[in-house]
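Engineer: Got a sequence here, can you build the structure:
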Amino acid sequence: MVAGRVGAAMAAEIGTMRVTEADRCAEHALHQSAQISRGAAPDRGLISLPLLVAVADIIGVFGGYVIAVYKLGFNSAAYIKHTVDFVTTLDVASGLVKAAVFGFIVALMGCYHGYHSRGGAQGVGAATTNAVVSASILILVFNYFLTEAFFSR
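Structural biologist: Take a look at the predicted model:
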């Protein structure tokens, strides 16, 4: 979902700036290109997606607590104990590392495809599609290798 929403938005924004600068002089185009690349840096994905995952993890555990204790009548101490027993540091760390890598991939593909878009509005549309598709495929590939790296024993 992040690749579809954020990657496409980045590609569209950068692509639109690149396409509209095509009629300007070369010196101004170089200056504009430098501003574009600074304004949509892929390293933002390294921070934002892990924060989103951390918040979602906390909300998920709290939501499970509320349902287990108040709806299903579980003992609150038992829920907390089992949660602490079953969730390992490796689970949390691997999730946050994966999120950082995936965020970087989404931002990188959005920037790359947006920056290399050509051909007006049609080219920007193709760039957004290419950004989402390439980010999605790379996320699947990197997910396999990261999972293998973290959990192979």
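Engineer: Okay, helices next: where are they in the chain?
Structural biologist: In the chain, the segments counted as helices under DSSP state H are 2, 8-20, 26-39, 44-66, 76-86, 89-115, 120-151.
Engineer: Ranking helices and strands of the protein by mean pLDDT, which lands last?
Structural biologist: When each helix and strand of the chain is scored by mean pLDDT, DSSP states H and E, helix 26-39 comes last, with a mean of 50.
Engineer: Leu46: neighbouring residues, count only.
Structural biologist: 16 (other C-beta atoms under 10 Å). C-beta: built from backbone N, CA, C; applies to glycine.
Engineer: thought it was touching Gly103?
Structural biologist: Yes - counting by C-beta atoms under 8 Å, Gly103 is a contact partner of Leu46 at 5.9 Å.
Engineer: give me the number of residues near Met10?
Structural biologist: With other C-beta under 10 Å as criterion, Met10 counts 29.
Engineer: Point to the residue nearest the middle of this protein.
Structural biologist: Gly103 (2.9 Å; C-alpha atoms, centre = their mean).
Engineer: Surely it touches Leu51?
Structural biologist: No - using C-beta under 8 Å, Gly103 is not in contact with Leu51; the gap is 9.3 Å.
Engineer: And Thr88, how close does it get to Phe150?
Structural biologist: From Thr88 across to Phe150, the span is 11 Å (C-beta to C-beta, to the nearest Å).
Engineer: which of these two has more neighbours?
Structural biologist: Neighbour count, other C-beta under 10 Å: between Thr88 and Phe150, Phe150 has more, with 15 against 10.
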